[in-house]
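[1] After the sequence you'll find the predicted model.
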Amino acid sequence: MEKDTKKEPKDPKDVKKDQKEAKRRAAEAARKNRTTPGEYFRGVRTEIKKVVWPTKKEMGSFTFVVVMACTFFAIVFAVIDYSFLAALQAVLGITLGYN
């Protein structure tokens, strides 16, 4: 004899109960996997100990490179800005109040 493999449709109330139970189990599992603030900060301390901090000499050279890069890009963008302004003034024949 063959078994009937068709499942009978569930009652909507049973479906809602199953969904609620699944949500409850998921929430319980999430609570079990949470770390406490103490565990979190112990982990932070452990990771901070692994960091290789730059020396004073390296920090000075990194700072110099950043300042020079910022200065360079500020000059480049200022030149581009003034160029576009001059081009628009020439093409459109506009003047600004401070000329």
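    In hand now; what should we look at? Numbering: from 1, shown residues only.

[2] use CA for all of it now, contacts and neighbours both
    Noted.

[3] From Glu28, how far off is Gly38?
    Noted for Gly38: a distance of 21 Å to Glu28, by CA to CA, to the nearest Å.

[4] now Val51
    35 Å.

[5] And the two? Which one has more around it.
    Legend: neighbour count by other CA atoms under 10 Å for Val51 and Glu28, higher for Glu28 (11 against 8).

[6] what sits against that one?
    The contact partners of Glu28, by CA atoms under 8 Å, 6 or more residues apart in numbering, come to none.

[7] would you put the C-alpha positions of the helix or strand it falls within in PDB?
    Taking DSSP states H and E as the definition, one finds Glu28 inside helix 12-33. The C-alpha coordinates for helix 12-33 follow below in PDB (Å, rounded to 0.1, in the frame of the first residue of the first chain):
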ATOM      1  CA  PRO A  12      -4.400  29.200  10.600                       C
ATOM      2  CA  LYS A  13      -4.300  29.300  14.400                       C
ATOM      3  CA  ASP A  14      -1.800  26.500  14.400                       C
ATOM      4  CA  VAL A  15       0.300  28.300  11.800                       C
ATOM      5  CA  LYS A  16       0.400  31.400  14.000                       C
ATOM      6  CA  LYS A  17       1.300  29.300  17.100                       C
ATOM      7  CA  ASP A  18       4.200  27.800  15.100                       C
ATOM      8  CA  GLN A  19       5.400  31.200  14.000                       C
ATOM      9  CA  LYS A  20       5.300  32.500  17.500                       C
ATOM     10  CA  GLU A  21       7.100  29.500  18.800                       C
ATOM     11  CA  ALA A  22       9.800  29.900  16.100                       C
ATOM     12  CA  LYS A  23      10.200  33.600  17.000                       C
ATOM     13  CA  ARG A  24      10.500  32.700  20.700                       C
ATOM     14  CA  ARG A  25      13.200  30.100  20.000                       C
ATOM     15  CA  ALA A  26      15.100  32.500  17.800                       C
ATOM     16  CA  ALA A  27      15.000  35.200  20.500                       C
ATOM     17  CA  GLU A  28      16.100  32.700  23.200                       C
ATOM     18  CA  ALA A  29      19.000  31.600  21.000                       C
ATOM     19  CA  ALA A  30      20.000  35.200  20.400                       C
ATOM     20  CA  ARG A  31      20.000  35.900  24.200                       C
ATOM     21  CA  LYS A  32      22.200  32.900  24.800                       C
ATOM     22  CA  ASN A  33      24.800  34.200  22.200                       C
END
